[in-house]
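Novice: got a structure for you, letters missing:
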């Protein structure tokens, strides 16, 4: 199929696809070669790229209140996954051909899925009182899957987030230490919510990013200008250089990513090791080599998509958390299309599921993923 017809077929398949121009040179089968004089992926990046396909898991306090985002005030008393089965999640991922799972350990609301010592807003305050991070890690290892963690920088519950940048950085470090020392090797750390301390540099009003930002055509000058604005404000306020080095001191092989939002998909918010392409499943071309620390470096891409396709007014292209009313789901052919697109640009595909309040995958998600390869 010719490239134009291929992209058109994807755009009409109900995936909400997006496409961008490219500025990548010296690639062989999409990968930078030594002969070109361009950088190659590091050994850690290559190992991560070989995973290819993973399961994103959104589960938390929002699951029990029929919302996608919440403000840190929801009562943990409702959180009670009475039939929690992380083995089901991981067995389904394995059958689908996935090689890793990335769990939302803390969303923007600040509710933590492990019994952290640094806030009371966690599973410890629920009737369940378990350790969901631990449960997931054990199941993943049982099924031969690697594990990554999503951790929201933005925390609506922790007061220091809004009152003292430096105290909040210390708070994050203590929580990240728990995640990176108590649960074994993490292949990936997925940061989100950076925009809460990034006031400048946007070509759109910042308030439009409080939800699902509209996609804009890829523009090299615009992207570089945003990286510059990030480095002079957001990175400083979040102390990302310090956090990055702290993470590497705990787990040198853990690859760091910072979600650049749907407004700047694939743009590296330095310092990072991999780039995010949230709902970027129609990538036509992709820039993998970027300037960082005075030299050109290779940054592979991860495309994040979700099984839900219905969504609501605020998130029209699909939900990340479970909602009882949402029975929509990607079809097998759409997932395979996403995988084909990811393969063409040598990106990983991280496909989200939202387990139900009982702690089980939706039947339609389990069925579709189990028979994906048949």
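Specialist: Nice, I can see it. None of the values given here were measured: they were computed from a predicted structure.

Novice: tell me which residues form a beta bridge with residue 290?
Specialist: residue 297 (DSSP bridges).

Novice: From residue 201, how far off is it?
Specialist: Residue 290 is 16 Å from residue 201, where distance means CB to CB, to the nearest Å. All C-beta spots, glycine's among them, are computed from the backbone N, C-alpha and C.

Novice: if I pick the residue nearest to residue 301 when sequence neighbours are not counted, what's in contact with it?
Specialist: Among residues not flanking residue 301 along the chain, residue 347 sits closest, at 4.0 Å (CB to CB, 6 or more residues apart in numbering). By CB atoms under 8 Å, 6 or more residues apart in numbering, the residues touching residue 347 are 277, 283, 286, 300-303.

Novice: what's around the nearest residue to residue 106 once chain neighbours are set aside, how many residues?
Specialist: Leaving aside its sequence neighbours, residue 106 sits nearest to residue 112 (CB to CB, 6+ apart; 4.9 Å). When neighbours are counted by other CB atoms under 10 Å, residue 112 registers 28.

Novice: Test my guess that residue 112 contacts residue 174.
Specialist: No: if you go by CB atoms under 8 Å, residue 112 and residue 174 don't touch, sitting 11.7 Å apart.

Novice: Going along the chain, name the strands of the stretch 1-150 of the chain.
Specialist: Per DSSP state E, counting those that start in this stretch, the stretch 1-150 of the chain carries strands over the ranges 27-28, 31-32, 53-57, 100-106, 146-152.

Novice: Please disregard the earlier target; I meant the stretch 251-374 of the chain.
Specialist: Using DSSP E, counting those that start in this stretch, strands in the stretch 251-374 of the chain cover 255-258, 275-278, 289-292, 295-298, 301-306, 348-353.

Novice: helix/strand/coil for residue 236?
Specialist: Following DSSP: H, G, I helix; E, B strand; the rest coil, residue 236 is assigned to helix.

Novice: start the count at 32, not 1, going forward
Specialist: Fine by me, first position is 32 from now on; the one you just mentioned is residue 267.

Novice: Got the confidence number for it?
Specialist: pLDDT, residue 267: 97.

Novice: for residue 180, same thing?
Specialist: 99.

Novice: One more: residue 250?
Specialist: Looking at residue 250, its pLDDT is 83.

Novice: Check residue 293 too.
Specialist: The predicted structure scores residue 293 at 86 on the pLDDT scale.

Novice: number of nearby residues for it?
Specialist: 21.

Novice: if I look at it, how far off is residue 398?
Specialist: Per CB to CB, residue 293 is found 29 Å from residue 398.

Novice: Next: residue 346.
Specialist: Distance from residue 346 to residue 398, by CB to CB: 24 Å.

Novice: When these two are compared, which one has more neighbours?
Specialist: In this view residue 346 and residue 398 are compared by other CB under 10 Å, and residue 346 has more residues nearby, 18 against 14.

Novice: where does the stretch 232-381 of the chain have low pLDDT?
Specialist: When residues are selected by pLDDT under 70, those of the stretch 232-381 of the chain lie in 235-247.

Novice: residues contacting the residue lying closest to residue 158 once chain neighbours are set aside?
Specialist: Using CB to CB, 6+ apart and skipping the chain neighbours, the partner closest in space to residue 158 is residue 111 (4.7 Å). By CB under 8 Å, 6+ apart, the contact set of residue 111 is 95, 157-159, 388.

Novice: Just the buried ones from those residues?
Specialist: Buried members of the contacts of residue 111, counted by 16 or more other CB atoms under 10 Å: 95, 157, 159, 388.

Novice: which residues does the second one contact?
Specialist: Right, the one you point to is residue 157. 107-108, 110-111.

Novice: can you check the last one too?
Specialist: Taking CB under 8 Å, 6+ apart, we find residue 388 in contact with 94-95, 111-112, 353, 355.

Novice: and which of these is nearest residue 251?
Specialist: Distance to residue 251 across those (CB to CB) is lowest for residue 353, with 38.6 Å.

Novice: What distance do you get for the closest one to residue 387?
Specialist: Applying CB to CB, the value for residue 353 to residue 387 is 5 Å.

Novice: Which one's more surrounded, these two?
Specialist: Applying other CB under 10 Å to residue 353 and residue 387 shows that residue 353 carries more neighbours, namely 23 against 17.

Novice: That one contacts residue 94, doesn't it?
Specialist: Yes: Residue 353 is within contact range of residue 94, at 5.2 Å (criterion: CB under 8 Å).
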